[in-house]
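>>> sequence and predicted structure, then a few things I'm wondering about:
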Amino acid sequence: MTMKHNTDRISIQVGLSGYSFKIEADGQERSSGWMSADKIFTTSEFQKKYSEVEISVFTPKCTLVPAQFHSPEVSAGLLADVVRLDEGDTVSYVELPDLGSVLVYSNIIGETLSKVISETVMTVDGMKTPPLPEIYYMLKSLSDLEEYNKIVASYVDGVLYLVIAQGRTLLLCNTYKAPDFTTAEYFIFLAMKKLQLNPEMSTITFRTPLDEEEEMSLYRYFKNVDII
């Protein structure tokens, strides 16, 4: 049993329209696909404990600031400068030491569902995992990508999340309203053009599922398309 716990890992993504999860166990991996929120209490995988639990929330209400410009008392002001905060929005932050930055965010979108999941899915030692923004995990994934041009994207609920780096230098971290995938592609190519990056020399990595048509559309422009 101990060996099994040591190799069990679940990563959960939570959005406005529901959630999905991926389980890695004993060298194998399986994904659930997108599920509606009403299935949360009947998802058997959420009744187990895992050695690692990751809960990602798709919230466009976030901003990345240099660590030297951040302090807890100015978090709300920094976020309000770039996104519209509604009454009742809770503002939090998480540090990214490798980037010398702090991600300031509000998880109000999908907050209720992510809190329920956080209370339900625990690690083997009984610890709860705090839900963090999708952008946080996208930024953390950069160090795992071997290519020089690093393009990481997620697309759900009509919002594109996009992070681009070159080597160890972060070039872009942003979200875009995109009602369809064609519009999401437009923003990806616009960003790459402004940064003078060649898609034909680059791999794009998606953290959300792509259907066959979307994947083939990206392959027309990019050297490779990875889905993690």
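Yes, it's here. Keep in mind that what you see is a predicted model, and the values were worked out from it rather than measured. Numbering: from 1, shown residues only.
>>> what residue is smack in the middle of this structure?
Among the residues of the chain, the one closest to the centroid is Glu134, at 2.4 Å (Cα atoms, centre = their mean).
>>> so after the worst-scoring helix or strand of the chain on mean pLDDT, what's the next helix or strand?
Every helix and strand in the chain was compared by mean pLDDT, DSSP states H and E; the lowest is helix 2-7, with a mean of 48. Sequence order places strand 9-15 as the next helix or strand after helix 2-7, per DSSP states H and E.
>>> where does this protein dip in pLDDT?
1-6, 109-110 (pLDDT under 70).
>>> what is the burial count for Val156?
Using other Cβ atoms under 10 Å, Val156 is surrounded by 21 other residues. Placement of C-beta: from N, CA and C, glycine included.
>>> how is this protein partitioned into domains?
If you go by automatic domain parsing, the domain ranges for the chain are 2-59+109-130, 65-104, 137-227.
>>> what ranges do the helices span in this protein?
Using DSSP state H, the helices of the chain run over residues 2-7, 75-80, 111-120, 134-141, 181-194, 212-219.
>>> between those, which gets nearest to Thr203?
Thr203 lies closest, by Cβ to Cβ, to one member of the helices of the chain: helix 212-219, at 10.1 Å.
>>> tell me the angle of the closest one relative to helix 181-194?
20 degrees (axes from the mean of the first three to the mean of the last three Cα atoms, to 10 degrees).
>>> tell me how far Leu142 lies from Thr59.
When distance is defined by Cβ to Cβ, to the nearest Å, Leu142 is 19 Å away from Thr59.
>>> these two: which is more packed in?
Of the pair Leu142 and Thr59, Thr59 is the one with more neighbours under other Cβ under 10 Å, namely 26 against 19.
>>> my guess is that one contacts Val104. True?
No - Thr59 lies out of contact with Val104 (Cβ atoms under 8 Å); the separation is 11.3 Å.
>>> out of the helices of the chain, which is closest to Val94?
The nearest among those, by Cβ to Cβ, is helix 134-141 at 5.8 Å.
>>> so that closest one versus strand 9-15, what angle?
140 degrees.
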